[in-house]
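Asks: Next come a sequence and a model predicted from it.
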Amino acid sequence: MLKVLTIKNNEKFLRQRSSVVDFQDKDLPQDLKDIKEYCTVNSGFYAMASIQFGIPKRIIYIKSTKQNGSNDCAGSEHNLEHILMINPEIVSQKGKTEFWEACVSGLDNFALVERPYEIVVRYQNENGDIKVQKFEGFSSTVISHEIDHLDGIFHMDRAKKLLQLPASERAEYRRQHPYKIISKDCEFTYDTNINLNIY
């Protein structure tokens, strides 16, 4: 079974840029099998990037973009479940949202992050077929977070505000500070001043 790496002992590894997946890679089938098995069996997260398992390849797995019984993700009309994306890249983005993000690899770092409301992602499936798909609302937030991991970027690097908050307290905080859609169609760009190692 795979093990999740964290910034406590593996920050340098997690900060690397993951490699483009070569479909001739003999280890790829086992990597994909292990990632899917872990994400199916375990809970407590929306999605994972393979780098978080010690596999520095451009792979993300979306477990679910549906929040546990809460209504704080208005705009997530299309919840995603069990989607594997290989070599994903955002080809366009627009709109703006805010959400208090967390990450199992980022430990107690809890950050208010701006993300695009809508993204178009180009990726490959397990067979190598190219897909181009549009995602909106909270799904866009989750996917954007995971693609950042592939470039060694954490949610706290993009933080407008940063708290230290254990997992047990985050659900209540999010109820009081819900996912927010600022605009569905404005131009979106990230602040280029990424706050590396502010925590």
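Replies: All right, it came through fine. Bear in mind the structure is a predicted one, so any value in this text is a computation, not a measurement.
Asks: Tell me which stretches of the protein form strands.
Replies: Under the criterion DSSP state E, strands of the chain are mapped to 47-49, 59-64, 81-101, 109-115, 118-124, 130-136, 161-164, 180-187.
Asks: Just name the shakiest helix or strand of the protein by mean pLDDT.
Replies: strand 59-64 (a mean of 92; mean pLDDT, DSSP states H and E).
Asks: Please report the distance of the residue sitting nearest the centre point of the chain from Glu101.
Replies: Nearest residue to the geometric centre of the chain (C-alpha atoms, centre = their mean): Glu146, 2.5 Å. Distance, Glu146 to Glu101, by C-beta to C-beta, to the nearest Å: 11 Å. (C-beta placed from N, C-alpha, C; glycine too.)
Asks: Not including adjacent chain positions, what is the nearest residue to Tyr38?
Replies: Spatially, and ignoring its direct neighbours in sequence, Tyr38 is nearest to Leu2 (4.6 Å; C-beta to C-beta, 6 or more residues apart in numbering).
Asks: swap in Leu163?
Replies: Closest to Leu163 by C-beta to C-beta, 6+ apart is Phe110, at 4.5 Å.
Asks: Report how many residues lie close to the one you found.
Replies: 24 (other C-beta atoms under 10 Å).
Asks: thinking it is in contact with Ser168, fair?
Replies: No. Taking C-beta atoms under 8 Å as the definition, Phe110 is not a contact partner of Ser168, at 11.8 Å.
Asks: need the contact list for the nearest residue to Phe154 once chain neighbours are set aside.
Replies: Excluding its sequence neighbours, the residue lying closest to Phe154 (C-beta to C-beta, 6+ apart) is Gly106, at 5.3 Å. Neighbour list for Gly106: Thr6, Ile7, Phe154, His155, Met156 [criterion: C-beta atoms under 8 Å, 6 or more residues apart in numbering].
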